[in-house]
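Asks: Provided below are the primary sequence and the corresponding predicted coordinates.
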Amino acid sequence: MKLPDVDYIRPKTLKEALGLLSSHGDDAKLIAGGQSLMPMLAFRLLAPKILIDIGGLAELRGIDITDTGVRLGARTTWHDIERHPSLKAAQPLLAAAIAHVAHYQIRNRGTAGGSLAHCDPVAEFPAIVLTCDAEVVVAGPDGERVLAASDFVLGPMTTALEADEIIVQIRFPAWPKARRWGFEEFARRRGDFAMAAAAIFYDLDGDQCVVDPHVGVIGDADGARRLAEVEDLLRGQKMTPTLVAEARTVTEQSIHPSEDIHAPAAYRRALMGVMVERALAASAGIDLSKAAA
Amino acid sequence: MKPLGIDKLIGASPERIEDQRFLTGQGQYVADLDIPGALHAAILRSPVAHGRVAALGLDAARALPGVHAIITASDIPHPIPTIPLRLVPLPEFDPYLQPVIAAEKVRYVGEPLAVIVAESRAIAEDALDLIEIDIESLPAVGDENVDEAGAFLFEETGTNVALRFHARSGDPDKAFAEAAYTRKETFRSHRHTAAPMETRGLLAQWDESGQKLKLFGAAKVPYFNRRALSRMMNLPEENLDLIEVDVGGGFGVRGEFYPEDFLIPFAAQRVGRPVKWIEDRREHLMATNHSRDVGATVEIACARDGTITGLRGDVFGDMGAYIRTNGGVVPTAAGMFLQGPYRIPNVDVTVLALMTNKTPVGTYRGPGRFEANFFRERLFDMAAADLKIDPAEFRRINLIREDELPYSIGKRAPHLPEAVYDTGDYHAAFERCLAEIDWQGKAAIQGKLIDGRYHGVGVASFVESGGAGPKETSRFVLEKDGSITVATGSSLLGQGLETTLAQIAGDVLGLPLTAFRIDHRSTARLADGLGSYHGRSIIVGGSAVVDGAEKFRAAVIEAAANLLGRPNSELRFEDGVVRSEAGASISLADIAASRSAEDGLLAVDGIFLVNKPTYSYGTHAAHVAVDPDTGRVEVLDYVAVEDVGRAINPMIVSGQAIGALVQGLGGVFLDHLIYDDQCQLLTASFADYLMPTATDFPSLRSVAMELRLSPTNPLGAKSAGEGGMVPVAAAIGNAVGAALRSRGAEPRTLPLSPPRIWKLIHEEKECTQ
Amino acid sequence: MSRKVDITLTVNGQPHAHAADTRTTFADFLRDDLRLTGTHVGCEHGVCGACTVIVDGEAVRSCLMLAPQADGATVVTIEGLSEPDGSLGPLQRAFRKHHALQCGFCTPGILTTAHALLTQEPDASEERIREVLSGNICRCTGYVTIIQAILEAREGYRHAANASTAS
C-alpha cells in the first residue's frame, strides 16, 4: 500500500497556497493533517499529481473566544480543542463531540478544516458545524467569502468548497450559559466512526419550554442533517420523559438510515432514535431507566 | 514418565530474555532485513472470485522504468507445483490443492496471478495498476449449498464437497429413539482470522553457482516448508536454508506453506538478485489463511434428570477455494471436539468440507474447538432451560469424573486414531470457576433488567488437545567460551521460548538462564524438526530439550572423565563444573578449550517421541450486561480457569491465557471477514476488520491450575497457548442467552455484534423444534 | 512526478540532513532511509498504531505523515527511549517486569505513545491511559499487563514532574 507517484510542495503563505491551487487545478490536492487523505492515498482511491501542504500556514491558526462566539482556525487540531482552557465552557457541545474523534495520535494532527472539507458523513465535526449553525470562512483567488453551514455542508463527502478554495476559519455563534445540550454517539469501539449520533441543544423560556431547538443526527444516508420534524415536535414543549420518547419515534419516522456491512438500515434507524432520546434525556437530567414503564 | 526433580527455574517467572531487544527497537523482523542489491516484489492478485483467465496485458507494466521482471504461470516449469498437505494428507483432497500461481482459472479474490519484481515496492505497485486483467467470470460459490451454485471450482470433480465422513460411538439411533427429551438446533460460527500485527514477508537470496537458497521469514514449520520447497525447486534439501528471524505473532496462520513461499524464491532465482516481499495489510486480509467458518446442526438426547444419553452433529466447514496445508483439520476438529469434557456414550458426527470461492481456510488458535464448544454449550443451556435444571447443575451431572479417566471418545474420524482424555479433575476446575465468578451470588440477577440492561452469567467447559507428535528435536552445543547453544526445532512466535526452553535446560543441568542461548533460527542447525503448533513447543519441544540436556550432561561427564582420568561414576556436574569425589574439577569452559580442531565443538542431539496428544481442560464463565436498545454487550467480568499440568513460566502462561481470551472476545464481538454475494471481500482493511483495543475488555481474569500432570511427557505439561480461546464464544453465548431469556432471544449465530443482538431481540422469534 | 526534497530533522538527539522522496511516508523514511527499523509498519492506513513516533513532543502515526512533512522536526523513536547510557528506562523496565509484550511487534508504538502521554500527563488516570492506548492494537497480550506496566511506570514520570516543578 505504498503511496502513488506524487509530488509535494509546502507554501509559506495562504496567498502562495491559493496560487498553487489555481495553477495546478485538478492535479493538486490539499493536505493539512493528512489523517483522512493519507489512507485514501495508501489505498490508491485518489491519485493527485501534487500535494499542497497547508499544515503550516499562519493564517489558518488559532482559537479565538469572544462573546460573539468561538472561532477556530482551519488548522486547529482536535488536541488544540481538547486542551484549550476555556473552550469547553464556551462551546460544550463542540467539546463533547470532539472527545469522540479518533485516537490520541490522530488527534495531534487531524484538523477541523480538513475534517470539514472531507465531509465524511459519519464524522463528528461536520455534523456539529451544521447543527450549531456555524459559518465557514473560505478563501479563494477573488478573496474571502462566508457561507452558512447549511450552504456549505451539502451531503456525504460533498461541500460547497470550490476546487481553488481553502477553508480558513469556522465560526460558532455565541452560546448562552443557560443553554441545554446533549451529545450521544454509538460506535463499535472507542474512537471508531459513529454508527449513529445525535447532537442537540435548545434554550428554555420563562415557562421552561423549549425555544429554538436544534436536533442534528449522524447516520442518515444523506449525511449529517438536522431533523426539522423533531425540532417541530420539541418547540414550545416542556422536556419530559414522554416528549423524549415521542422524539425517538419521530426520529425513526423521519430519517433515511444508511446501510452498510456494519449496520443494516432497520438497526440504524432504531439506533438513531435511541441516540436522540438519550441526548435529549441527558440535556434535561432525565434518567431513562427509571422513566421506562 | 516422571516429572523433573529440580524445580528452581521451572515454575518461576524470570523476565524474558528476548524482551531486551524488543523494548529497544532492536528486534529483527523480516521487513527490517536489508541485503544490498535486493529488489522488491508485489503480487498481482485476482480481482475476481471465480473465472477463467483469458489474458494478462503486461506490456505497459513491463515498460515502466524500474520494473525488472514480471513472472506468470507460463514462466514456471510445468506442471505448476501444488502446495502439499502437511496435516493428515487424505487422498480425497488431491484435486483441491492450490497451484502456486493461477494459470487457467482463478478461484478466490486475492489468488496470485503474477509476481512483479522492481527497484522498489512502490514501483512494483505502480506496475500492478498498469496490468490489464481479462477474466471471464463464472458463478461465484458463496454459501453452504455449494453444489447448487451453478458452478464447480474444480470441474473434473463434479462437486464442491471435498470431503465427507462419518464417525460414531455407541448406538446413537437407539439413544435418540428412547430419549425422554431431545432438542435440535442449528448454529453458525463466522469467518474470521488471526490478523497478527506483523504481516507475512520473505527475503530470498539465491546463489547460482552453489545452487543454494537462503530464505528469511520462515516460521512455525520451517522444516516441512523446506522439504516442500526443495521438491518444488528440484533441489536437495540441504541446499535450502529457511531462516526464522523475529516473528510478529503467528496464532496458527503464519508459517504454513503459501504460494509466495515458492514464488519469491523462484523470482530470486529468475532475476539473479535477492528479492524481498513484504505483504501489506490489504493483501494479508485476503491472502493469509481465514478460519472459523463452520456451521452445524446439533441434536441432544437426555433423560428427564438431565443425563445426556446421545449427541448428533452434522458439521460443515467452508474451506474456501483450495485445501491448503492444514487439510480438513478445521471441520474435523469441530466434529471431534463437539462432545467436550462430558460423558456421552452415544455420539454420531458427520463432517463435510465445502469448497467456496473465498480465501482458503487454515488453522487458527484452537481450530474447530472455538466453534464446537459454542455449538455444544449453547445447546446444553437450551436443554437445561427446557428441563428446568440449573445450567451449572446440568454440567455437574454430565462432566466426566476423575475416576472415569482415561476416557476414550473413540475415533472421531475414520482417518484419526482413538482420542483418549488422559488426566484431570474436570470438576475441580469447574467448581473453581463458578466460585470465581460467584455463580451462587449472581443467581439473583440472571436475566434481570437493571438500569436499562439485561444481566446474564454463562458458563462453558472444554477440553483441549496439545503436544502432537511424532517428535521434536534439539541440539546442545558447548561453545568455545563455555556457553551452551540449544538449537530447537520449535519456532518462536512471541510465546517466550527463548526463556522457557532455557528454564527447562537450566533445571536439568543446574545452570542459570544466562548460560544458554536458544537458537531456533535456521534449518541448517538441525537435521530435522517439526515446529510450533498445537501447543507443542513446550510439551514436545521442551521435552526434546530435557532429553538433549540429559545427554549433554552425560557427554560433559564423559569428556571430563577422559580429561581428569577418573571414572564417570565418580563425577558429578554441578554449577557448571564437573567435580570428582576426590576433589579434582573441570569447568565447561575448560572442557570446551580442550577440544581440538578435529574434534570440533562438543555437541549432542536430543529427541522426544510422542504418539498421542495430551489434554488440558477447564471452564470459563462470563457476566455480561446487554443493552436492548443498542444491542451492545458489555463484559462485566470474565474468568478463565485451565489446568495446564505444569506451568514452566507462570507469567508467560498467564500472558497466553489473557491474550487468547481477548483474541477470543474479538472473535465473538468484532472480528468478521465479510463477503458479498459475488465473493468479494468487503473487509480488507483495519477500518472494517475490527479487533479488540485496550478499552473493550478491561475486566478479565485467568487462573492457571496445576492439578494433574500430563502422562505423555517428562515435564508433565499440558498445552497452554490455545485453551484460553476455545470456550470464549460458548461462555459469552451462554451469558447473553441467560441475559435475554425473558426476551426469547437465544444466540445461535456468531458474531454477537450489536446489530445482530438487536435483531435477535427485536426481530427474530426463532421457533424451536 | 515524485522527487527528492532535502530535509533536516533531529532524531533521538542526532541531526540528520537527508533527501526525502515526496511519495514516501515518514515511517518508511525512518526505516529505509535512516535505517531505524525499530518503528514498525502494521497496516499503512493509520489504524494499528505500531508506527507511532513522537514528533515535536506529540505522538503521531508515522504512516500518516509524508517524509517531507518532517522537515525541521524533533523526533523521538523507540531507539531513543532508553537511558543515555543505553540501559532500559523506567517504562521499558516496567514492560519487562509485567510481561507487557510477547511478539514485540506493536511494542515500539505502544512505548512511544505511553511515553508521550506520561510526559504530558504524569497524573493520567487508568481510564485515561486505557483511552489513549486504545489507538494501539496488540494481538498477543490482551492489554492487561500493558496497562499494569504503564501504571507502574507512571510513578517515575510523576516524580520527575514534581522534581522539575519543585526546582
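Replies: Yep, that arrived.
Asks: contacts only, for the residue lying closest to A:Asp192 once chain neighbours are set aside.
Replies: Excluding the flanking residues, the one nearest A:Asp192 by C-beta to C-beta, 6 or more residues apart in numbering or on different chains is B:Leu690, at 7.7 Å. In this view, the C-beta of every residue, glycine as well, is placed from N, C-alpha and C. B:Leu690 makes contact with A:188-189, A:192, B:666, B:670-672 under the criterion C-beta atoms under 8 Å, 6 or more residues apart in numbering or on different chains.
Asks: buried subset of these, written for ChimeraX?
Replies: Remark: buried members of the contacts of B:Leu690, expressed as a ChimeraX selection using 16 or more other C-beta atoms under 10 Å in any protein chain shown:
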select /A:188,192 /B:666,670,671,672
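Asks: scan the chain for its longest helix.
Replies: Chain wasn't specified; assuming chain A. Scanning chain A for the helix with the most residues, using DSSP state H, yields helix A:265-284.
Asks: sorry, I should have been clearer: chain B.
Replies: Chain B, longest helix under DSSP H: helix B:541-564.
Asks: need the pLDDT of C:Thr24.
Replies: With respect to pLDDT, C:Thr24 has a value of 98.
Asks: where's residue 22, which helix or strand?
Replies: All of this is about chain A. Here A:Ser22 sits within helix A:14-24, counting by DSSP states H and E.
Asks: sorry, should have said chain B
Replies: According to DSSP H and E, B:Phe22 maps onto helix B:19-23.
Asks: which residue does chain B have closest to chain C?
Replies: Relative to chain C, the nearest point of chain B is B:Gly25 (2.0 Å; C-beta to the nearest C-beta).
Asks: contacts only, for that residue.
Replies: C:36-39, C:77-79, C:81, C:108.
Asks: these: which two are farthest apart?
Replies: The span of these, defined through C-beta to C-beta, is set by C:Thr37 and C:Leu81 at 14.9 Å.
Asks: how's chain C carved up into domains?
Replies: The record's domain parsing of chain C by automatic domain parsing lists C:4-80, C:90-166.
Asks: model confidence for the nearest residue to A:Leu94 once chain neighbours are set aside, exactly?
Replies: Once flanking residues are discounted, A:Leu94 sits nearest to A:Ile128: 5.5 Å by C-beta to C-beta, 6+ apart. We have a pLDDT of 98 for A:Ile128.
Asks: assumed A:Ile128 was part of a helix.
Replies: Yes - residue state for A:Ile128 (DSSP: H, G, I helix; E, B strand; the rest coil) corresponds to a helix.
Asks: follow-up on the earlier one: the residue of chain B closest to chain C falls within a helix, correct?
Replies: No - counting by three-state DSSP, B:Gly25 is not found in a helix; it is coil.
Asks: spatially nearest residue to it (excluding sequence neighbours)?
Replies: Closest to B:Gly25 by C-beta to C-beta, 6+ apart is C:Gly38, at 2.0 Å.
Asks: if I look at the one you found, how far off is B:Gly250?
Replies: 21 Å (C-beta to C-beta, to the nearest Å).
Asks: got it, and A:Lys238?
Replies: 61 Å.
Asks: output the contacting helices and strands for the one helix or strand in chain B whose mean pLDDT sits lowest.
Replies: Comparing helices and strands within chain B by mean pLDDT, DSSP states H and E singles out helix B:536-539 as the least confident, with a mean of 83. Applying 3 or more C-beta pairs under 8 Å, 6 or more residues apart in numbering or on different chains; DSSP states H and E, one finds that helix B:536-539 contacts helix B:497-509.
Asks: just give me the neighbour total for the closest residue to B:Leu700 other than its chain neighbours.
Replies: The shortest distance from B:Leu700 to any non-neighbouring residue, by C-beta to C-beta, 6+ apart, is to B:Tyr638 (4.8 Å). Other residues near B:Tyr638 come to 26 when the count uses other C-beta atoms under 10 Å in any protein chain shown.
Asks: name the SS class of B:Tyr638, please.
Replies: Applying three-state DSSP: B:Tyr638 is strand.
Asks: tell me the pLDDT of it.
Replies: 98.
Asks: what residues does chain C have near chain A?
Replies: C:1-3, C:5, C:22-25, C:28, C:44-46, C:49, C:52, C:58-61, C:63-66, C:68-69, C:71, C:113, C:117, C:131-132, C:134-135 (C-beta under 8 Å from any C-beta of the partner chain).
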